[in-house]
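1. coordinates only, sequence not included:
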């Protein structure tokens, strides 16, 4: 999942006839993000809803630690911030109430839909704290504290100073990187960026390998035609290269076919043959290490048919595993 988003800033107060809220009830900046997501989710679930009903729901929400009402000016400031941050337009129908005006655009935007669903689930858990021990999630070991710095740098068009130590190096190195985009893969966040020491971009893992990230005043340099989705479109995972995509065919046993149909491994996946015992799927991509590991994870339920050299590579790995177990 690749993310290139705008980062919100708490909206400035505007002069107006509304009564100023007591200082103790003012929103803290750190809570704005959750409140934006709560408002989006609330309107989206109801379809149409009045501002008065929104305010009543907010007063009862566990996210509302102070029990304050949702003031009219604050509500409209939130609408503007939500449009700027998420690209979600909240409009009002005088006879029905407020609604998501561009809901169809959200359904077509997989990245933004995924992001909102994840954030909405996080808010739901916050409102249902007594259920935390009965809802389990996979832990993401990535250093998410670096995400805000990098997203801000991308938005502001600035480079970053990255201190990074790969698993193959004994000491970390510090250098200037121009971040292109962010991608989540297998519970880890990655940044695609170009170091000033190289002409091509590289993928950096934002886990324990990233020791520090600092924003710089230096302008960000990204190719004018760069598109994050297109860059990764020929690959499964985060390993890329300069090879061209090729057809890859795999045979999947009948017991696993529905899993592949419900969650395709790659957008190019298509079914080319089917019978009661198995189905054959074809992909057009670069068969990288990530893709090979994914296929191996399915054990005997998946067999690589084509290309022959990739099939031989899989066979060699299986033979080595066979040897490791003394068989």
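-> Thanks, I have the structure now. Because the structure is a prediction, the values reported are computed rather than measured.
2. tally of neighbours for residue 154?
-> Neighbourhood size, residue 154 [other Cβ atoms under 10 Å]: 23. Where C-beta positions appear, they are placed from N, C-alpha and C, glycine not excepted.
3. give me phi/psi at it?
-> Reported as degrees, to the nearest 10, the phi and psi values for residue 154 are phi -60, psi -50.
4. now the one 5 residues further on
-> Dihedral angles of residue 159 (phi, psi; degrees, to the nearest 10) stand at phi -80, psi 170.
5. go on, residue 316?
-> phi -60, psi -40.
6. which helix or strand contains the closest residue to residue 192 other than its chain neighbours?
-> Once flanking residues are discounted, residue 192 sits nearest to residue 180: 4.6 Å by Cβ to Cβ, 6 or more residues apart in numbering. Residue 180 is part of strand 173-185, with elements assigned from DSSP states H and E.
7. helix or strand right after that strand?
-> In the C-terminal direction, the helix or strand that comes right after strand 173-185 (DSSP H and E) is strand 188-195.
8. tell me what the next helix or strand after that next one is packed against?
-> Toward the C-terminus, strand 188-195 is succeeded by strand 202-205 as the next helix or strand (DSSP H and E). Packing partners of strand 202-205 (3 or more Cβ pairs under 8 Å, 6 or more residues apart in numbering; DSSP states H and E): strand 188-195.
9. please redo it, this time with the cut-off set to 10 Å
-> Packed against strand 202-205, as judged by 3 or more Cβ pairs under 10 Å, 6 or more residues apart in numbering; DSSP states H and E, are the following elements: strand 158-164, strand 173-185, strand 188-195.
10. now that strand: average pLDDT?
-> For strand 202-205, mean pLDDT is 95.
11. moving C-terminal from it, which element do we reach first?
-> For strand 202-205, the following helix or strand on the C-terminal side (DSSP H and E) is strand 210-219.
12. what's the distance between that following strand and the middle of its chain?
-> Centroid displacement of strand 210-219 relative to its chain, using Cα atoms, centre = their mean, to the nearest Å, is 21 Å.
13. got a list of contacts for that strand?
-> For strand 210-219, the external contacting residues (Cβ atoms under 10 Å, 6 or more residues apart in numbering) are 142-143, 145-150, 152-153, 156-165, 172-174, 176-179, 189-191, 196, 204, 206.
14. what do you get if the cut-off is 6 Å, keeping everything else the same?
-> With contact meaning Cβ atoms under 6 Å, 6 or more residues apart in numbering, strand 210-219 is reached by 143, 146, 149, 153, 158, 159, 160, 161, 162, 163, 164, 172.
15. quick check: which ranges of the protein have low pLDDT?
-> Applying pLDDT under 70 to the chain flags the ranges 1-31, 105-132, 135, 137-144.
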